[in-house]
Each structure stands twice: as C-alpha cells, then as structure tokens.
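>>> how does the following fold in three dimensions:
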Amino acid sequence: MNSESTVFLVDDEVSVLRAISRLLRSAGFNVETFRSGQEFLQRYDPNAAGCLVLDIAMPGVNGLDLEQTLNSKRIEVPIIFLTAHGDIPMSVQAMKRGAMDFLTKPANDEDLLTAIRAGLERDRTNRQARADLAEIQQRVSTLTPRERQVLVEVVSGKLNKQVAADLGVGEKTIKVHRARVIKKMKVHSVAELVRVTERAGIKPLPDAGRSARVG
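Have a look, this model is predicted:
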C-alpha cells in the first residue's frame, strides 16, 4: 500500500464513519472522513492519491449524485459504494458510471479491505498512466512542425524515400529528421515510436496501409 494514499470515507452516520475509520487505520490506511457529499466536494483535492468509500443514501448530495458530479468534472477517483439501502438498479447504475464495487452494510471486513486495496491500486495505475501520457505529450511538443510531419509519415509505415517524395525533400534530409524524432521521443525503434505516438493520440495517415505496400 502506498503510504501517501488516502481512503476518503463519505457517510452521514457518525457511528459508521468511526467504525470504518477504526478498521482502516488498524489495517494501516490513511483515512479522511466526510459527513456529506457537499463537504467532500468542498474539501477534496483531486490531486490527492486514494480511493473513495461512499454511502448512497445521504441528505442533499447523495452517493450517486456525487459520483455523477465527479464524472462531469472528469475527476478519476476509484469509488466503492457502501450502503444499507442499495438495490440492484442502484448498483447497476453506479457500476455503469464507473464505480469499482458495491458492498452492502454491514460489509465483511475482509471484503471491504480487499475492495479498498484494489481501489488504491487502480488509482496508482491510473495516475502513473496519466503521468506517462503527460511525459509523451511533452516530448511531442519539442518536435518542430517538419519533425511532426516526418513522425506521422514514419508511424504510418512509410519508407524514407516515400516520406521524401511526400514532403518534397531529399531522402538524406528525411534521415536526419527521422533521427531527431527518434532522439526527441526517447525511443529506440519504430515499433516503440508507434506505441508511444498511439498513446498520444497521433494517428497514422489514412492511406498508410496502401502506402506501406508501395515499393
């Protein structure tokens, strides 16, 4: 478990907050508690690593409302619903919106701890993926417009002579640009370059399949 991660508990029942907090802290988790959905929205820092254990039936902003609000703000925090009032339609709705799990009070301690560990691991994985993507996008931003053109041509499977013909420059010039692209993108092969650019949302040319077969 990442000691910097926090389990965010949202429930309007003080006794539930105390009981679950005691369980989680005894298991070594960092815990923050909130008495309402409104309080969570006011105090929560989206940059904080962790997962959310969320009651459904609360006055004001209920659990499903809070989940929808977080989704609308594109805040990706793993959610585990914990409720005494849940039913199948509510659980289906919650899971369709991206909730990780749906447990009924009183939840088995081990089931809850297992769900929370999975939630924290998903959060860690998601944050790492976002950090990796930001790094890739930063590398792409260092490319010149011409290098960006060469990048798209290369990941489309085109040979240097084809790229040179498309861009109206000499093949030696393309070789230089290609080497600079590989260096700036911090990859060691075209295959790796393709994987990296796919993650950045850079698409090959529409006629890539046809062009790659030429020559």
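
>>> show me the shaky parts of the chain.
1-3, 85-88, 207-215 (pLDDT under 70).

>>> 50 instead, please
For the chain, the stretches with pLDDT under 50 are 1, 209-215.

>>> how does the protein divide into domains?
6-133, 142-213 (automatic domain parsing).

>>> what helices or strands is the helix or strand hosting residue 91 leaning on?
Using DSSP states H and E, the element containing residue 91 is helix 88-96. In terms of contacts (3 or more Cβ pairs under 8 Å, 6 or more residues apart in numbering; DSSP states H and E), helix 88-96 is packed against helix 63-72, strand 79-83, strand 101-104. The C-beta positions use only the backbone N, C-alpha and C, and glycine is treated the same way.

>>> what do you get if the cut-off is 7 Å, keeping everything else the same?
Packing contacts for helix 88-96, counted by 3 or more Cβ pairs under 7 Å, 6 or more residues apart in numbering; DSSP states H and E, involve helix 63-72, strand 101-104.

>>> now that helix: how far from the chain's centre is it?
21 Å (Cα atoms, centre = their mean, to the nearest Å).

>>> in this protein, which spans are helices?
For the chain, the helices defined by DSSP state H occupy 14-26, 37-43, 63-72, 88-96, 109-141, 145-155, 160-167, 171-184, 190-199, 208-213.

>>> could I have the second one exported to PDB, CA atoms only?
C-alpha atoms of helix 37-43 as PDB (Å, rounded to 0.1, in the frame of the first residue of the first chain):
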ATOM      1  CA  GLY A  37     -21.400  14.800  -0.300                       C
ATOM      2  CA  GLN A  38     -21.300  18.600  -0.100                       C
ATOM      3  CA  GLU A  39     -18.400  18.500   2.500                       C
ATOM      4  CA  PHE A  40     -16.500  16.100   0.300                       C
ATOM      5  CA  LEU A  41     -16.800  18.300  -2.800                       C
ATOM      6  CA  GLN A  42     -15.700  21.400  -0.700                       C
ATOM      7  CA  ARG A  43     -12.600  19.700   0.900                       C
END
